[in-house]
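[1] Quick check, what structure comes out for this input:
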Amino acid sequence: MSSYESLPYRPCAGITVFNKTGLVFVGRRSGGPEHVDLTHVWQMPQGGIDEGEDPYQGALRELYEETNIKSVEKLGEIADWIAYDIPRDIVGEAWGGKYRGQKQKWFALRFIGEEREIDIANPAGGHDPEFIDWRWVKIDELPDLVVPFKRETYERIVREFRQFA
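    Alright, predicted model coming up:
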């Protein structure tokens, strides 16, 4: 494995999905080396951007693959990429040790469908489920639900997207 500092960031899209009343979708992760307690297991949908893929198209694809949600309208996006590092002690377990963290492009979407569209147990395209539960939360709750090393990212998302809540 390369030295931690020389590892690149994994390109990723993140999606803040607001419902019609301004609450935000969060899913409870099924596991992973970064999850060390039962409080910080919630996160918004996110995932890797394929090489050559437009970040917004990657966000829509990831949202569909994790939640089956397709009925959305775009509200906004954060202009720049937001990067975070994962803890050094789990680098070898996450993404095969190829990345030191993620650089993310975040989008805000409004869910305009019916809740029966959301199906985390049977994600689109035959993907393995990433979430074992989901709920709608107030935007200000987000930083306290995510693993601590993502908290600063979520605080930025709250500042940037609060207007859509």
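[2] Check whether residue 73 really touches residue 112, as I assumed.
    Yes. Using Cβ atoms under 8 Å, residue 73 is in contact with residue 112, at 5.9 Å. No exception for glycine: its C-beta is placed from N, CA and C like everyone else's.
[3] Compare these two (neighbour count), which wins?
    More crowded of residue 73 and residue 112, by other Cβ atoms under 10 Å: residue 112, with 12 against 8.
[4] So what does that one have for phi and psi?
    Dihedral pair for residue 112: phi -110, psi 10, per degrees, to the nearest 10.
[5] Excluding covalently adjacent residues, which one is nearest to it?
    Leaving aside its chain neighbours, residue 112 sits nearest to residue 71 (5.0 Å; criterion: Cβ to Cβ, 6 or more residues apart in numbering).
[6] So which elements touch the longest helix seen in the chain?
    Ranked by residue count, the top helix of the chain under DSSP state H comes out as helix 55-67. For helix 55-67, the packing partners by 3 or more Cβ pairs under 8 Å, 6 or more residues apart in numbering; DSSP states H and E come out as strand 9-18, strand 24-29, strand 46-48, strand 72-77, strand 101-111, strand 131-137.
[7] contact partners of the longest one?
    So that's strand 101-111. Applying Cβ atoms under 8 Å, 6 or more residues apart in numbering, the external contacts of strand 101-111 come out as 9-20, 25, 46, 49, 55-56, 59, 63, 69, 71-78, 81-86, 153, 157, 160-161, 164.
[8] and what of the last one?
    Applying Cβ under 8 Å, 6+ apart, the contact partners of strand 131-137 are 19, 21, 23-30, 42, 66-67, 118, 120, 145.
[9] again, but for the third one
    Outside of strand 46-48, the residues that reach it under the criterion Cβ under 8 Å, 6+ apart are 10-15, 58, 61-62, 65-66, 102, 104.
[10] Over to the first one?
    By Cβ under 8 Å, 6+ apart, the surrounding residues in contact with strand 9-18 are 24-25, 44-49, 55-56, 58-59, 62-63, 67, 69, 72, 75, 83, 95, 98-111, 139, 157, 161, 164-165.
[11] Would you mind listing the buried residues in that strand?
    10-18 (16 or more other Cβ atoms under 10 Å).
[12] Run through the bridge partners of the residue minimising distance to the centre of the chain.
    Note on the chain: the residue nearest the mean C-alpha position is residue 46, at 2.9 Å, using Cα atoms, centre = their mean. Beta-bridge partners of residue 46, counted by DSSP bridges, are residue 14.
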